[in-house]
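> got a structure for you, letters missing:
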């Protein structure tokens, strides 16, 4: 916890003076007490209330301390409901996803885990689907229609190649259509001489001002791959584009980290999960990297991501909580004083 107005905390130094003043008043009241003819009866009547007389002042002191802390505008990391409204699932559909080290196959396990993830997300969160192999494409635009997304997941067609960076760019195009991101230009490095008929309705490229990584709370990308990028946009260049827009990328590395794995037909396919690059993608964007070597681990990762994106810990001003706490203590002090002593503390 830290404070936005720490200079207000100097007032806390005056708090120890209040108990001292209270003790002085008690002694002074004792010296000015009226003599009674039967002191034993008075002591017997007040013995049960001796400890209670100090509770209302103590509560009032705590309430004042809470108000002084509130004036310093405290900040704390508090779990808050998820503020994002869109999730892009970017899923690898390269031929290596047919490998059976994740039972029954990597593809089937990924499909089932993704559908489970859809079922756990809040219904008001839009989800888009991007697939990638040698190139990337939007398999389904962002929508609230979960059955349509499930049908799109069940209809995956595997291809050769792995374009991780292009998948990130396609996800950003879906999230920011107004930015005019051109995937072909980024892929081939050739700027078009003029705008084609297909591009005339699209906005021109937009110059953006980079923001802090992970600061964009309206969307996130969940990227699943089982290999390394072999074509398309450079992965870290694409990650930089996401980071500049504040979009977090949660990366899932699927399968074994070895160099070869058997295909269903018995032929080995040579592959290697590029964990260093994938971890860097997550780090650059303020996201997370998870490795899933089994179907159970993959389901667990998606389940963890589902709960993580719904509730996030953020630094939030908690002045109102301190003020509410102080008001409650002050109210309790007043009620105790009225009930026990028929007077206000």
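Yes, it's here. As the structure is a prediction and not an experimental result, all values here were calculated from the model.
> buried stuff in stretch 55-65?
56-57, 59-65 (16 or more other Cβ atoms under 10 Å). Heads up, the C-betas are built off the backbone N, CA and C, glycines and all.
> what does stretch 207-219 give?
Using 16+ other Cβ under 10 Å as the test for burial, stretch 207-219 gives 213-214, 216-217, 219.
> give me the distance between residue 133 and residue 254.
Distance, residue 133 to residue 254, using Cβ to Cβ, to the nearest Å: 14 Å.
> who has more neighbours out of the two?
Taking other Cβ atoms under 10 Å, residue 133 and residue 254 do not tie; residue 254 has more neighbours (30 against 25).
> touching, that one and residue 224? I think so.
Yes: with contact defined as Cβ atoms under 8 Å, residue 254 and residue 224 form a contacting pair (6.0 Å).
> intersection of neighbour lists for those two?
92, 110 (Cβ atoms under 8 Å, 6 or more residues apart in numbering).
> from the contact counts, what lies against the longest helix seen in the chain?
Determined from DSSP state H, the single longest helix within the chain is helix 319-341. Other helices and strands packing on helix 319-341, by 3 or more Cβ pairs under 8 Å, 6 or more residues apart in numbering; DSSP states H and E, are helix 55-71.
> run through who's touching the helix it packs on.
Under Cβ under 8 Å, 6+ apart, the answer for helix 55-71 is 5, 8-9, 11-12, 15, 18-19, 22, 319, 322-323, 325-330, 332-334, 336-337, 340-341, 345.
> can you say which of those residues are buried?
319, 322-323, 325-326, 329-330, 332-334, 336-337, 345.
> pick out the most distant pair among these.
319 and 337 (27.1 Å; Cβ to Cβ).
> endpoints of stretch 207-220, how far apart?
Stretch 207-220 has an end-to-end distance of 21 Å (criterion: Cα to Cα, to the nearest Å).
> same deal with stretch 91-101?
From start residue to end residue, stretch 91-101 stretches across 18 Å - Cα to Cα.
> these two touch, right, residue 161 and residue 94?
Yes: Residue 161 is within contact range of residue 94, at 6.3 Å (criterion: Cβ under 8 Å).
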